[in-house]
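S.K.: With the sequence up front, the predicted model follows.
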Amino acid sequence: MKANDLQSDQVGVELNYKIINQKHFKETIIRNNDDIEIVEFVGGG
Amino acid sequence: MTKTTIKHDDYLTIAGQKFNSRLIIGTGKYKSFQENKDALVASGAEIITVALRRVNVLEPKQEKLQSVIDPKEYVFLPNTAGCYSADDAVRTLRLAREAGGWNLIKLEVIGNSKNLFPDMEETLKAAKTLLADGFEVMVYSTDDPIYCQKLEDLGVCAIMPLAAPIGSGLGIQNKTNLRIILENANIPVIVDAGVGTASDATIAMEMGCDAVLMNTAIAEAKHPILMAQAMKQAVESGRLAYLAGRMPKRLYASASSPSEGLMDKIS
């Protein structure tokens, strides 16, 4: 996330379909073949 | 001469939060976030809807909505646009809560990609789960009084029947249903979707709606900022007219000048 300049308090993250709380971003370990979703707010109606 | 002023305690209250503005606007389809911000300021809206999408990691420097519109200044209302099932909607909103920390959300579960009408069975299912999960749920729904009643019975904090298909700009298509919904509701009723121009918003407010939510009507106007201002005034005018209480409609004329004291007729 740091590499992509993402602010941790403005994104939602799922690791293998499980939401990762923002407080736990630093200690979360990512392994090969993990499924990661990172979402943010965009314009919408 | 007596000067009559309107006492300003006429707030829109949703889930215990008070708002001065009864206009909620979207953040989609604008040419830029800055244009969106300018329209937002002109509209006087305090709540804006936002969508949740994957981060484009290939373009990390892309401008972010939150860098132009500050969530500390406005209430961000995350929506579930693009979700076609209760499960997808719930997943989206749980992620939105993580990303923004907000409990007040707009639920919409779409049933058909052409007309974007809501799938009410999935909507009810999602609403039940979200309420149990502690969300304050505002719900986009069909203009069906029975479904609106079911949503209210579940405990949602606002029902948002469509005026017409999303982005159509057709205005209120079924005033009879809307009237019945308004008569039965004990929670805010917000017309969501289908407003095309200022008079549509005024009509909704004159009917007694608590607020109006719109996106395309402003974003796709030739001059979005001017239209945002028009919508602000339209919503306010409609609200004042509703509070003032309109005169009864009559089939025949009713003269405004007195009939007493008329001069004799010439012939």
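M.R.: Alright, I've got the coordinates. Numbering: from 1, shown residues only, chains lettered A, B, ... in the order given.

S.K.: From chain B, how far off is residue A:16?
M.R.: Per Cβ to the nearest Cβ, to the nearest Å, residue A:16 is found 13 Å from chain B. C-beta here means a position set from N, CA and C on the backbone, and glycine is covered the same way.

S.K.: Just say helix, strand or coil for the residue most central in space within chain B.
M.R.: Centroid-nearest residue in chain B: residue B:213, 2.0 Å away (criterion: Cα atoms, centre = their mean). Here residue B:213 is recorded as strand under DSSP: H, G, I helix; E, B strand; the rest coil.

S.K.: so what's it bridging to?
M.R.: residue B:24, residue B:192 (DSSP bridges).

S.K.: so it touches residue B:193, yeah?
M.R.: Yes - if you go by Cβ atoms under 8 Å, residue B:213 and residue B:193 touch, sitting 7.4 Å apart.

S.K.: ok, which residues in chain B are in contact with chain A?
M.R.: Counting by Cβ under 8 Å from any Cβ of the partner chain, the residues of chain B close to chain A are B:26-30, B:33, B:36, B:49-55, B:57, B:60-61, B:64-66, B:76, B:78-79, B:81, B:94-100, B:166-167, B:193, B:214-216.

S.K.: For the helix or strand hosting residue A:40, name the packing helices and strands.
M.R.: Per DSSP states H and E, residue A:40 falls inside strand A:36-43. The helices and strands touching strand A:36-43, judged by 3 or more Cβ pairs under 8 Å, 6 or more residues apart in numbering or on different chains; DSSP states H and E, are strand A:11-15, strand B:47-54, helix B:65-68, helix B:86-100.

S.K.: Quick one, which of these gets closest to residue B:250.
M.R.: Closest of the helices and strands packed on strand A:36-43 to residue B:250 is strand B:47-54, at 39.2 Å (criterion: Cβ to Cβ).

S.K.: Paired strands for the closest one, with orientation please.
M.R.: In the sheet, strand B:47-54 lines up against strand A:36-43 (antiparallel), strand B:23-25 (parallel), strand B:75-78 (parallel) (DSSP bridges).

S.K.: Just name the most buried of those strands.
M.R.: Ranked by mean neighbour count, those are led by strand B:23-25 with a mean of 28 (mean count of other Cβ atoms under 10 Å in any protein chain shown).
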